[in-house]
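In: Here is my input; please provide its structure:
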Amino acid sequence: MTKNRVQFQPGLSMAEFMDRYGSDDKCGAALIESRWPDRFACPACGCGESSSFPARGGCTSNAPQSKNKVAALKLMRHLGVCYKTAWLVKHKLMEVMREREDSRQLDGRVEIDDA
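Out: As a prediction, this is how the structure comes out:
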């Protein structure tokens, strides 16, 4: 089976992303630069008087947190490593968690939610 080109396309690692967009100021500057590479110009009259965004709380550049399992592909993108390395890291972490929880035994009424 061949690799999916879309899923394995090059991109930024989490470290590179945070370096470029890790603060509201960096994110805002990158957004302005990508939207208006020369300078801001009003679409109606062409003047450059309004050269900043209204205060809206800035860009959210926090990394998304997952409540459930992290896929090796997602880990690959976050760490900036190859898929094989991400898969290995994931499985090593899962093994350490399993070993840590092995000695604990549930007692009493145990309920499991399918969600």
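In: now for the helix ranked longest in the chain, which elements pack on it?
Out: Longest helix in the chain by number of residues, with DSSP state H as the criterion: helix 83-102. If contacts are counted by 3 or more C-beta pairs under 8 Å, 6 or more residues apart in numbering; DSSP states H and E, helix 83-102 sits against helix 72-79. C-betas here are computed from N, CA, C, even on glycine.
In: how about Cys82, what does it touch?
Out: Met76 (C-beta atoms under 8 Å, 6 or more residues apart in numbering).
In: when you give positions from now on, start the count at 431
Out: Will do, 431 is the new start, and the previous item becomes Cys512.
In: Now do it, the pLDDT please.
Out: Cys512 is assigned 88 on the pLDDT scale.
In: try Glu541
Out: Glu541 is given a pLDDT of 85.
In: Count the neighbours of it for me.
Out: By other C-beta atoms under 10 Å, 4 other residues sit near Glu541.
In: how about it, phi and psi?
Out: phi -120, psi 140 (degrees, to the nearest 10).
In: how's this protein carved up into domains?
Out: With domains defined by automatic domain parsing, the chain comprises 442-493, 496-533.
In: Adding distance to Val540, write those out as TSV.
Out: What follows is those, written out as TSV (distance: least, C-beta to C-beta, whole Å):
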stretch	distance to Val540
domain 442-493	33
domain 496-533	14
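In: Lowest average pLDDT across these?
Out: domain 442-493 (a mean of 69).
In: how close does Glu463 sit to Tyr451?
Out: Counting by C-beta to C-beta, to the nearest Å, the separation of Glu463 from Tyr451 is 11 Å.
In: More neighbours: the two, which one.
Out: Tyr451 (18 against 9).
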